[in-house]
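Asker: build the 3D model from these lines:
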Amino acid sequence: MEWHAEKERVILRNVAQFDLQQTFECGQCFRWRRLENGNWLGIVRGRVVEAEQAGRDIIFHSTERSDFVRMWHEYFDLGRDYGAVQRELSRNDPVMKEAIAFAPGLRLLKQEFFETLISFIISQNNNIPRIKRIVECLAQNYGRPVVYREHVLYAFPEADVLAALSEESLRCIRAGYRARYIIRASRQVHALDVDALGKMDSGSVRQALLALHGVGEKVADCVGLYSGLMPDAFPVDRWVRRVMETLYPESGTTNEAIVAFARRKFGPLAGIAQQYLFYFARENRIGMDNPGSEAASSTD
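Answerer: Have a look, this model is predicted:
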């Protein structure tokens, strides 16, 4: 992948397998928004970037070489050969071949651990528009403001800030019962060594995450996958279960059977395989009981 830095921007030239809309709208992240000019604006680890898709080029505005190398290169998983990934997943699998052809530019982001944890605690029994509102409200109330041109964005709150709150003080974000999960998980997370988790196998990471308040199996798998700690995780909710029952009827009908099938079939690429399948099925209403229902965008 060729790229070069100019003043306050970095340009990726002739990029294959990278589409901003597919990447930001596949349900893995909640804080990127589309601007009137068609670009995408996001804030990650307190850093703001405006991303532009110009044909096969990707332009990152308001960033410099050092930030790109230190943060954005890893965040957008630019070190992975997605062409090779797609060829491997498509081999002798017409279902996956069709899913990849539908969204060949989808990339698996490597997101900041704590923000991912709290975001997916909030995602429980929730739909994507409401998750976005709650996460953004949490940042606006307790995060650091960052000005970018005419926009004011807010960094995601630090763990110690949320840990010091009461459930009463979180009523403003209207997270319901999830407020106590947010606070208790924020208090527990100080005992986690995220760097150490990165050196563990997925099973060990999963067990560590399940020890956190408000984290069940599906949330643990989402946090592990989208933070880059468990690249072979295959999160299963009711929508993924319907997708698998429709496209891979041999996978079984329980979450446990589906996960076991996915790991056998996709191996270490199970995480990105899940993203291709989920996005393909959601956008085409595959396996959905009610095609017009907003619940098709639910994460549970």
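Asker: please enumerate the helices of the stretch 1-150 of the chain.
Answerer: All helices of the stretch 1-150 of the chain, identified by DSSP state H, counting those that start in this stretch, fall at 20-24, 65-67, 73-75, 82-90, 94-102, 113-122, 128-142.
Asker: any residues touching the third one, and which ones?
Answerer: Applying C-beta atoms under 8 Å, 6 or more residues apart in numbering, the set of residues contacting helix 73-75 from outside is 44, 79, 109-111. No exception for glycine: its C-beta is placed from N, CA and C like everyone else's.
Asker: at 7 Å what do you get?
Answerer: 44, 79, 109-110 (C-beta atoms under 7 Å, 6 or more residues apart in numbering).
Asker: which of the residues you listed are buried, as a PyMOL select command?
Answerer: Buried residues within those, by 16 or more other C-beta atoms under 10 Å, are selected in PyMOL with:
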select buried, resi 44+109+110
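Asker: widest-spaced pair of the contacts of helix 73-75?
Answerer: In those, two members sit farther apart than any others by C-beta to C-beta. They are Val44 and Gly79, at 17.0 Å.
Asker: re the thing from before, save the helices of the stretch 1-150 of the chain as TSV, and put in mean neighbour count, distance to Asp232 and mean pLDDT too.
Answerer: Below are those laid out as TSV (neighbours: other C-beta atoms under 10 Å; distance: least, C-beta to C-beta, whole Å; pLDDT from 0 to 100):
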stretch	mean neighbour count	distance to Asp232	mean pLDDT
helix 20-24	20	20	97
helix 65-67	13	29	91
helix 73-75	17	18	96
helix 82-90	17	13	97
helix 94-102	17	16	96
helix 113-122	25	17	97
helix 128-142	18	24	95
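Asker: any idea which of those helices gets closest to Val48?
Answerer: Nearest to Val48, of all the helices of the stretch 1-150 of the chain, is helix 65-67, at 10.4 Å by C-beta to C-beta.
Asker: which outside residues touch the closest one?
Answerer: Contact with helix 65-67 is made by 5, 10, 47, as judged by C-beta under 7 Å, 6+ apart.
Asker: then stretch 209-229?
Answerer: Applying C-beta under 7 Å, 6+ apart, the external contacts of stretch 209-229 come out as 28, 109-111, 113, 116-117, 120-121, 124, 181, 184-185, 188, 197-198, 202, 205-206, 230-231, 233-237, 271.
Asker: hmm, 6 Å instead?
Answerer: The contact list for stretch 209-229 (C-beta atoms under 6 Å, 6 or more residues apart in numbering) reads 28, 110-111, 113, 116-117, 120-121, 181, 184-185, 188, 197-198, 205-206, 230, 233, 235, 237, 271.
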